[in-house]
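K.L.:
Make a model of this:
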Amino acid sequence: MSALSDAIVRSFATGEPERQALSPLRALGRRQLSGLEVLAQSVATTAPAVSMVVLPVTMFTHQMLLSGVVTLVVATVVITLIAVCVSQFTRRMAAAGGIYSFVFQGLGTRAALTAGVAMLTKYLGSAVMTLYHGGQAVITTLGFLGLEMRGPADRVLIYAGIALVILGCLVRGVRFAALAILAIETCSLLFIIGLMVVTGAGGQHAVVPPQDSSHGLLTMALVAVFALAGFESATFFGPEAKRPLATVTRTVVLTPMICGALFIFAGWAAWSGRADTLVNAYLHGTSTGVAPAVVIALNLGLGTSWLASAMASSNAASRLVYSMGVESVVPRLFARVQRGYRTPYPALALIVCTVCVGAATFGIVGRSTAFGHVQLAARTAVIAAYVLVAVASVRFLLRIQEHTALTLCAGVAGSAAGGTVLTYLLFTTASHGLVMVPAVMLTLLLSGSAWQLFLQWHHPAGLMSIGVFDSAETEDVLPGAGVFVTDATGNLALTASARTHEMR
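P.N.:
Residues are numbered from 1 along each chain as shown. Take a look at the predicted model:
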């Protein structure tokens, strides 16, 4: 008799368990998202349409055409190595906490809390920046149509309206949000690629004032890495994916490859002159002779890509806050979900309102020095989180004795590359008297310890429940095919087959 036949026969002879095993993340609504919807969430977070314009601008600004293309290739390889490290966790577990939960599995509580702070910094910073730019694109487009929105009240109204639309889409349901993100990002990508192909031979030369910077390579590397960052947002939706272990793993590895290929194409377009018209339209509007239709189309494409990224970043951050709420690391209020749509509305409201306030503030005061600080903090935080998850993957695989030469090389190379960039960034900014990067790194280093001490004093039970991930429920397993026992947190967990349990 085959193992499957044996399991089916045993299921009829086994009675129903007295207590049902339930996943701690079941409130989100398990097994909803298809592979395409998870991929849309992951790709949209990186805002590829925007990066396909911003990267050529950076290359022109620092006069790094050929070397810029090489930098993009190297950045794609490094981020893919980090993705391989993340995939070592996604192929074994599905967690709404994403990298925060994965780092716990490899490095423990303090490092996990540090990673949680880093990821919140990254996603909030990204969402603020993209919502700001998206709002500016909307304001510019309205200006082309004769509607001037120059007053502070008008700008606040624009940003509040956009934030309400984003919050409504996200609360409406994870599938609704994923489909909306997919439609928006697909249209914006088609806009940018089409404009780059159609207007590439327009006879224009990019008018970009060069910057006298001795650290152009570092700037280019940071922009390239941050453009590729966001692939990990798929990990926050593992419990909601139909086939989480396969779908999320595939998405995590494919996203940097897809986006990297798009960015290398954009770099080639800058090097070959096919991005000149787009760069001029982006920086100068119609003043360099670019047709108004091209400028309007560019603003529509970039605006939709920015807003899709803001939506995707807010969605991912909400799942991290929700996971922390389930663990009681933050107030349990954030573990609540809307019963009908299965979305964590308190976490979504907190994230979207915070992002809206930040974006509206910059919309009124303009891109001040503080905007650059937000940008630099987000970039520093995400690189630090990548270093942590790369190291955690090595420790995790060694502990469970499932490491291979490839996974160890990916972990070592990814963490070494990230550590090198952080060190160079720290040295460069410190030598110029800038304290932002050292302050962010010091804050991240201390955040895990401070948060752990706070929980020990005020809520020690929270420390016992960190690392929650989606677990098998009674209805997921044939009766008699597995044994559910109570774990350290008091929940039932699938541990072994019935036959193995009896032999023990």
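
K.L.:
only C-alpha atoms for contact and neighbour calcs from this point on.
P.N.:
Fine.

K.L.:
Okay, now the unreliable bits of the chain?
P.N.:
Residue ranges of the chain with pLDDT under 70: 1-19, 199-203, 212-214, 474-504.

K.L.:
Give me the domain ranges for it.
P.N.:
The chain breaks down into these domains under automatic domain parsing: 1-23+471-504, 29-91+119-370.

K.L.:
between these, which one is nearest to Tyr424?
P.N.:
Each of the domains of the chain has some distance to Tyr424 by CA to CA; the shortest is domain 29-91+119-370, at 7.9 Å.

K.L.:
what distance separates the closest one from the centre of its chain?
P.N.:
10 Å (CA atoms, centre = their mean, to the nearest Å).

K.L.:
Pull out the buried residues from stretch 451-468.
P.N.:
The neighbour-count check on stretch 451-468 (16 or more other CA atoms under 10 Å) flags 451-452, 455, 462-463, 465-468 as buried.

K.L.:
Among those residues, which lie within helices?
P.N.:
451-452, 455, 462-463 (DSSP state H).

K.L.:
Quickly find the element holding the closest residue to His403 other than its chain neighbours.
P.N.:
Once flanking residues are discounted, His403 sits nearest to Leu397: 4.9 Å by CA to CA, 6 or more residues apart in numbering. Following DSSP states H and E, one finds Leu397 within helix 369-400.

K.L.:
Neighbours of the residue nearest to His403, how many?
P.N.:
By the other CA atoms under 10 Å criterion, the neighbourhood of Leu397 contains 19 residues.

K.L.:
That one reaches Leu406, doesn't it?
P.N.:
No. Leu397 lies out of contact with Leu406 (CA atoms under 8 Å); the separation is 11.7 Å.

K.L.:
and Met64, which of the three is it?
P.N.:
Of the three states, Met64 takes coil according to DSSP: H, G, I helix; E, B strand; the rest coil.

K.L.:
which residues touch the residue lying closest to Thr45 once chain neighbours are set aside?
P.N.:
Excluding the flanking residues, the one nearest Thr45 by CA to CA, 6+ apart is Ser309, at 4.5 Å. By CA atoms under 8 Å, 6 or more residues apart in numbering, the contact list for Ser309 reads 44-47, 127, 130.

K.L.:
Same question for Leu55.
P.N.:
Contacts for Leu55 (CA under 8 Å, 6+ apart) come out as 220, 223-224, 263, 266-267.

K.L.:
Please export the C-alpha coordinates of the one helix or strand Val103 maps to as PDB.
P.N.:
Per DSSP H and E: Val103 is located in helix 99-107. What follows is helix 99-107, C-alpha atoms only, in PDB (Å, rounded to 0.1, in the frame of the first residue of the first chain):
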ATOM      1  CA  ILE A  99      12.300  39.900   7.300                       C
ATOM      2  CA  TYR A 100      11.600  40.800  11.000                       C
ATOM      3  CA  SER A 101      10.300  37.300  11.600                       C
ATOM      4  CA  PHE A 102      13.100  35.700   9.600                       C
ATOM      5  CA  VAL A 103      15.900  37.500  11.400                       C
ATOM      6  CA  PHE A 104      14.400  36.200  14.700                       C
ATOM      7  CA  GLN A 105      14.800  32.600  13.400                       C
ATOM      8  CA  GLY A 106      18.500  33.100  12.800                       C
ATOM      9  CA  LEU A 107      19.700  35.800  15.200                       C
END
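
K.L.:
So what touches stretch 172-181?
P.N.:
Counting by CA under 8 Å, 6+ apart, 32-33, 37-38, 40-41, 44, 169-170, 308, 311-312, 341-343 sit against stretch 172-181.

K.L.:
now stretch 230-244
P.N.:
25-26, 28-35, 38-39, 41-43, 45-46, 83, 86, 90, 94-99, 245, 247-248, 251-252, 255-256, 313, 316, 319-320, 469-470.

K.L.:
Any buried residues in stretch 423-432, and which?
P.N.:
Applying 16+ other CA under 10 Å to stretch 423-432 flags 425-426 as buried.

K.L.:
Give me the contact list for it.
P.N.:
With contacts defined as CA under 8 Å, 6+ apart, stretch 423-432 is touched by 218, 435-438.

K.L.:
cool, and stretch 37-51?
P.N.:
Among residues not part of stretch 37-51, those counted as contacts by CA under 8 Å, 6+ apart are 175, 178-179, 181-182, 185, 188-189, 192, 226-234, 237, 241, 247-248, 251-252, 255, 259, 262-263, 301-302, 305-306, 308-310, 312-313.

K.L.:
State the distance from Asn280 to Gly98.
P.N.:
In this structure, Asn280 and Gly98 are 39 Å apart, going by CA to CA, to the nearest Å.

K.L.:
Over to Ala297?
P.N.:
Ala297 sits 36 Å away from Gly98, taking CA to CA as the criterion.

K.L.:
Kindly report the same for Val290.
P.N.:
Val290 sits 44 Å away from Gly98, going by CA to CA.

K.L.:
Compare neighbour counts for those two and give me the winner.
P.N.:
Using other CA under 10 Å, the more surrounded residue of Val290 and Gly98 is Gly98, with 30 against 19.

K.L.:
who touches that one in this structure?
P.N.:
232-233, 235-236, 320.
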